[in-house]
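Participant: Fold the following for me, if possible:
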Amino acid sequence: MSNGMTPIVKTITGWVKGFILVFGIYIVLYGHLTPGGGFAGGVIIAMTFVLITLAFGKDEALKRFRIGIASELDSVGALMFLVIALLGIAGGLGGTFFTNFIAKSNPGEPYSLMSAGTILLSNIAIALKVGSSLFLVFILLVMTKVLYREPGEKP
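Facilitator: Numbers count the residues shown, from 1 in each chain. Down below sits the predicted model:
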């Protein structure tokens, strides 16, 4: 018995997984200019690996995105978000939590990628946190699948 789904599903997944990943990255990077952001982009990025898991099986997905790396990225995203918030106190002109210190020192050109200051960095941090967390939840559910039994049915 082979892992994953039919060859048709595997072929289509092979074609679209890169596009989905790039679209998720686009949503993260341009979330301050268009609808999207760190959470939405992180969900899309996680769904790339969920699709790989469904199409090819958990072993193939874990070759591409190991649990240890996902756990570390989850922690890095949370730490990065906290550091950005604390730098608002230390580096901000107003000295408050989450002050957008980059935009105050260098406003940039409106509607450009770097025009939002710390918002872009916050989006990246949230995307790391959300994407790796959702993949971890999904892969742990796959690894600990529970079989349903009818009442009175023997194990």
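Participant: Please, which helix or strand holds residue 96?
Facilitator: Using DSSP states H and E, no element contains residue 96; it sits outside every helix and strand.
Participant: what sits against the nearest residue to it once chain neighbours are set aside?
Facilitator: Leaving aside its sequence neighbours, residue 96 sits nearest to residue 88 (CB to CB, 6 or more residues apart in numbering; 6.2 Å). Bear in mind the C-beta positions are built from the backbone N, C-alpha and C, glycine included. Shown in contact with residue 88 (CB atoms under 8 Å, 6 or more residues apart in numbering): 96-101, 118.
Participant: Can I have the buried ones of the residues you listed as a PyMOL selection?
Facilitator: Command for PyMOL that selects the buried part of the contacts of residue 88, burial taken from 16 or more other CB atoms under 10 Å:
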select buried, resi 99+100+101+118
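Participant: which among the contacts of residue 88 gets closest to residue 47?
Facilitator: Proximity of the contacts of residue 88 to residue 47 (CB to CB) peaks at residue 118, which lies at 26.5 Å.
Participant: In terms of helix, strand or coil, where does the residue nearest to residue 96 fall?
Facilitator: Under DSSP: H, G, I helix; E, B strand; the rest coil, residue 88 falls in the helix class.
Participant: Can you list which of the contacts of residue 88 are found in helices?
Facilitator: Residues of the contacts of residue 88 located in helices (DSSP state H): 101, 118.
Participant: If I follow the layout properly, residue 46 ends up in contact with residue 138?
Facilitator: Yes - contact criterion CB atoms under 8 Å: residue 46 and residue 138 qualify, at 7.4 Å.
Participant: quick one, which of those two is more surrounded?
Facilitator: More crowded of residue 46 and residue 138, by other CB atoms under 10 Å: residue 46, with 23 against 18.
Participant: what's the closest non-adjacent residue to the more buried one?
Facilitator: Here the residue nearest residue 46, using CB to CB, 6+ apart, is residue 134, at 3.8 Å.
Participant: mind listing what that neighbour touches?
Facilitator: Neighbours of residue 134 in contact, by CB under 8 Å, 6+ apart: 42-43, 46-47, 50.
Participant: coming back round to it: separation between the residue nearest to residue 96 and residue 124?
Facilitator: 16 Å (CB to CB, to the nearest Å).
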